[in-house]
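Novice: Fold the following and give me the result.
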Amino acid sequence: QVQVVASGGGLVQPGGSLRLSCLASGFASDKYSIGWFRQAPGKGREGVACIYSDGTTVYTDSGRGRFTVSRDNAKSTMYLQMNSLKPEDTAVYYCNLQTAGGGDYWGQGTQVTVSS
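Specialist: Numbers count the residues shown, from 1 in each chain. Okay, here's the model as predicted:
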């Protein structure tokens, strides 16, 4: 059974940092991507960053420069390191696993609130 579990959100002051984790397990495909998305109150879901099974990373304008995506294969976990956080980064952050066989799995989301 495929599981995608996001964690690590919380309340942080502007300028602070957070590291989100996405544990993705139970899938067999050796070709996949894991992406981070976010949804702010009253807005649509937007992509932030993605890492592919070959290690390639892609960032959108929302994630480029302050966010870094990485993974620990031994722990089946992907990380989103977020630095210099701004109030406009406040959102529910989701991770998404897509496999070469067409699998599309979403985690439950973790709340990030940037406020003084």
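Novice: Find the residue at the geometric middle of the chain.
Specialist: Nearest to the mean C-alpha position of the chain, by CA atoms, centre = their mean, lies W36 at 2.9 Å.
Novice: does that one really touch L97, like I thought?
Specialist: No: W36 lies out of contact with L97 (CB atoms under 8 Å); the separation is 11.2 Å. Every C-beta, even on glycine, is put in place using the N, C-alpha and C of the backbone.
Novice: Could you pull out the strands in this protein for me?
Specialist: Taking DSSP state E as the test, the strands found in the chain are 3-7, 10-12, 18-25, 32-39, 45-52, 57-59, 67-72, 77-82, 91-99, 104-106, 110-114.
Novice: Now render those strands as TSV, adding mean pLDDT.
Specialist: Formatted as TSV, the strands of the chain follow (pLDDT from 0 to 100):
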stretch	mean pLDDT
strand 3-7	95
strand 10-12	98
strand 18-25	95
strand 32-39	95
strand 45-52	95
strand 57-59	95
strand 67-72	94
strand 77-82	95
strand 91-99	96
strand 104-106	94
strand 110-114	98
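Novice: and the residue nearest to Y59 when sequence neighbours are not counted, how far is that from Q1?
Specialist: Distances taken as CB to CB, 6 or more residues apart in numbering put A49 closest to Y59, at 4.9 Å, once the chain neighbours are dropped. To Q1, A49 is 26 Å away according to CB to CB, to the nearest Å.
Novice: hey, what's V112 bridged with?
Specialist: G10, A91 (DSSP bridges).
Novice: Please apply the same query to F67.
Specialist: Beta-bridge partners, per DSSP bridges, of F67: M82.
Novice: residues near it, how many?
Specialist: When neighbours are defined as other CB atoms under 10 Å, F67 has 20 of them.
Novice: got it, and the one 10 residues further on?
Specialist: Here the number of neighbours of T77 (other CB under 10 Å) works out to 18.
Novice: Could you do A100 as well?
Specialist: Per other CB under 10 Å, the neighbour tally for A100 reads 11.
Novice: Over to L97?
Specialist: L97 sits with 23 neighbouring residues when counted by other CB under 10 Å.
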